[in-house]
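Trainee: With the input below, show me the fold.
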Amino acid sequence: MSNKQHSTTINLPRGNLDLTYQLNDTSGSKATYQLEELLSFAQRINPKRAFLFVSKVLGRHIPVAPSTMRSAFTDLANLVPNDLPEPILVIGMAETAVGLSAGVHQALQTRYPNALLLNSTRHAQHSGNNDKSRDSLLTTFSEDHSHASQHLIYQSSDKVTQEQLLASKTLIMVDDEASTGNTCVNVVTALRNAGLAQLEQVHLTTLVDWSLNQNQGTADADDTISTRLPNIDFHRHHLLSGAWQWTDAPDPEPIIMPSVDTTEAGSQPLGNTGNWGRFPTLDSTDGFDNYLEKFQTAFTRFSEQAQFDKKQLPERILVLGSNEFVWLPFLLAEWLEQNTGSQNNSHSDIQTVKFSALTRSPIALGGGIETMMSFSDNYGLGMTNFAYNVEPSDWDLIVLCVETSNDSVDDLWQGLDNVLIVGS
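Mentor: The predicted model follows:
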């Protein structure tokens, strides 16, 4: 780790964000991630916290090349040590870190092939076609600063998987950033109370960790999260770390936040999209082959071809996941990136594939948020969803991936002739 301290001030309409940070050496393909490579900044529409760290490698609020995302996933996973006590549970935080957790999990499986992946969710699930209860719910927890604070965590209907889950000795908690450590403490406490009584180690694994005390020089100093987790060996892994301090502007404008805090199922049924993490799974790629085939069939109709031909794919492609449904769409974007860059030498140098996602997060324009599209959600929850930094005319093809039916998507998207909807 590089111990050199850096500082900067981010000026936002509602106040100033003062950052103190240090760069971390990683063992991956990049020696060091600079602050400007990892983050931009914006203003939340949220009275709980006025600012937002906008990741440049996550593919959530800023479109990112899948290869850039994959490098960040792998570099972060490489920071997790060998010889951890098993069984190992990798858990990701909805909605922002669902894809990140799956990417870290997939990279970790080269060393820990039996590690389980489990993501929190804000979408109520049913364990079977005829089961309309919440009997498969393992626990809930709160993310206190979030626009949608309540999270659900589900258990497995498979006896062997469930036994492994409850026997977990190491928890690798994956999130895009840590700010106070409260979410980590809430998650660990909820899981232990729900039956994961054998946990020995917790590894908070984030792209950026802002939860270090302002006066701490290194992560080796007294750790307030560690002291809040009794009988747990606590560790941190991150690409960049530091601390923040927020100062309100004088007389800021009042904030009216949209209502997005719900864990209801919605009126639109969810399709079968594989085992990518709302329930515990060993194989996060289960279902991708079917999903790729579904895309190819949809594109064949969309482009009026007799059969799928990747040479007919256009030059500028944006793949959009939706809310928590981002992992299979990311794998699709990665496949497109790998199968279009050299498809035709006449334009291989300008082929662009990027990935981003629809979200329920309300963010103000400015800073890292240059454009905003707002529309009704596709889950039938009656809430507003957003797409940031997406200008539809910039793309030859936008592949909008949803886990609901095609006709659940707002007319705003249905009316664009360069949008291909891949639904359930």
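Trainee: Measure how buried the spatially closest residue to residue 405 that is not a sequence neighbour is and give me the count.
Mentor: Of all residues not flanking residue 405 in the chain, residue 423 sits nearest, at 5.0 Å (Cβ to Cβ, 6 or more residues apart in numbering). C-beta coordinates here come from the backbone N, C-alpha and C atoms, glycine included. Counted by other Cβ atoms under 10 Å, the residues lying close to residue 423 total 19.
Trainee: now swap in residue 161 and tell me
Mentor: For residue 161, the neighbour count with other Cβ under 10 Å is 17.
Trainee: I'd guessed it sits against residue 118; true?
Mentor: No - Residue 161 is beyond contact range of residue 118, at 9.9 Å (criterion: Cβ atoms under 8 Å).
Trainee: Taking the centroid of this protein, which residue is nearest it?
Mentor: The residue lying closest to the centre of the chain (Cα atoms, centre = their mean) is residue 97, at 2.5 Å.
Trainee: for that one, what are its contacts?
Mentor: By Cβ atoms under 8 Å, 6 or more residues apart in numbering, the contact set of residue 97 is 58, 119, 174-176.
Trainee: Reformat those residues into JSON lines and put distance to residue 43, neighbour count and pLDDT next to each item.
Mentor: Output for the contacts of residue 97, formatted as JSON lines (distance: Cβ to Cβ, whole Å; neighbours: other Cβ atoms under 10 Å; pLDDT from 0 to 100):
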{"residue": "58", "distance to residue 43": "18", "neighbour count": "28", "pLDDT": "97"}
{"residue": "119", "distance to residue 43": "27", "neighbour count": "30", "pLDDT": "97"}
{"residue": "174", "distance to residue 43": "26", "neighbour count": "29", "pLDDT": "97"}
{"residue": "175", "distance to residue 43": "21", "neighbour count": "24", "pLDDT": "95"}
{"residue": "176", "distance to residue 43": "17", "neighbour count": "22", "pLDDT": "94"}
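Trainee: what two of these have the greatest distance between them?
Mentor: Distance extremes for those: the farthest pair is 58 and 119 at 14.6 Å, using Cβ to Cβ.
Trainee: pLDDT weak spots in the stretch 201-350 of the chain?
Mentor: 213-223, 254-263, 341-350 (pLDDT under 70).
Trainee: quick one, helices of it?
Mentor: Along the stretch 201-350 of the chain, counting by DSSP state H, counting those that start in this stretch, helices occupy 224-227, 288-302, 327-340.
Trainee: In a markdown table, list the ones you listed along with distance to residue 251.
Mentor: Below are the helices of the stretch 201-350 of the chain laid out as a markdown table (distance: least, Cβ to Cβ, whole Å):
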| stretch | distance to residue 251 |
| --- | --- |
| helix 224-227 | 33 |
| helix 288-302 | 50 |
| helix 327-340 | 42 |
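Trainee: So which of those is nearest residue 203?
Mentor: Distance to residue 203, taken as Cβ to Cβ, is lowest for helix 224-227 among these, at 11.5 Å.
Trainee: Can you pull out the residues in contact with the closest one?
Mentor: The contact list for helix 224-227, computed with Cβ under 8 Å, 6+ apart, reads 181, 184-185, 204, 211, 213, 232, 234.
Trainee: hmm, 7 Å instead?
Mentor: 181, 184-185, 204, 211, 213, 234 (Cβ atoms under 7 Å, 6 or more residues apart in numbering).
Trainee: closest to residue 354 among these?
Mentor: Using Cβ to Cβ, residue 204 is the member of the contacts of helix 224-227 that lies nearest residue 354, at 28.7 Å.
Trainee: Just confirm the closest one contacts residue 173, I think it does.
Mentor: Yes - assessed by Cβ atoms under 7 Å, residue 204 is found in contact with residue 173 at 5.4 Å.
Trainee: Touching both of the two, which residues are there?
Mentor: The contact sets of residue 204 and residue 173 overlap at residue 184 (Cβ under 7 Å, 6+ apart).
Trainee: Neighbour count for these two, which is higher?
Mentor: Set side by side, residue 204 and residue 173 show more neighbours around residue 204, with 26 against 22, by other Cβ under 10 Å.
Trainee: and the more buried one, what are its bridge partners?
Mentor: Legend: beta-bridge partners of residue 204 under DSSP bridges are residue 173, residue 236.
Trainee: List the residues that contact it.
Mentor: Contacts for residue 204 (Cβ under 7 Å, 6+ apart) come out as 173, 178, 184, 225, 236.
Trainee: and what of residue 241?
Mentor: Residues near residue 241 by Cβ under 7 Å, 6+ apart: 21-22, 24, 209, 212, 219.
Trainee: For it, which residues count as its bridge partners?
Mentor: Following DSSP bridges, residue 241 is listed with bridge partners residue 22, residue 209.
Trainee: how far away is it from residue 399?
Mentor: For residue 241, the distance to residue 399 (Cβ to Cβ, to the nearest Å) stands at 35 Å.
Trainee: same check, this time on residue 362
Mentor: For residue 362 relative to residue 399 (Cβ to Cβ), the value is 25 Å.
Trainee: got the contact list for stretch 366-376?
Mentor: Residues contacting stretch 366-376 (Cβ under 7 Å, 6+ apart): 12-13, 40-43, 54, 61-62, 363, 365, 384-391, 410, 412.
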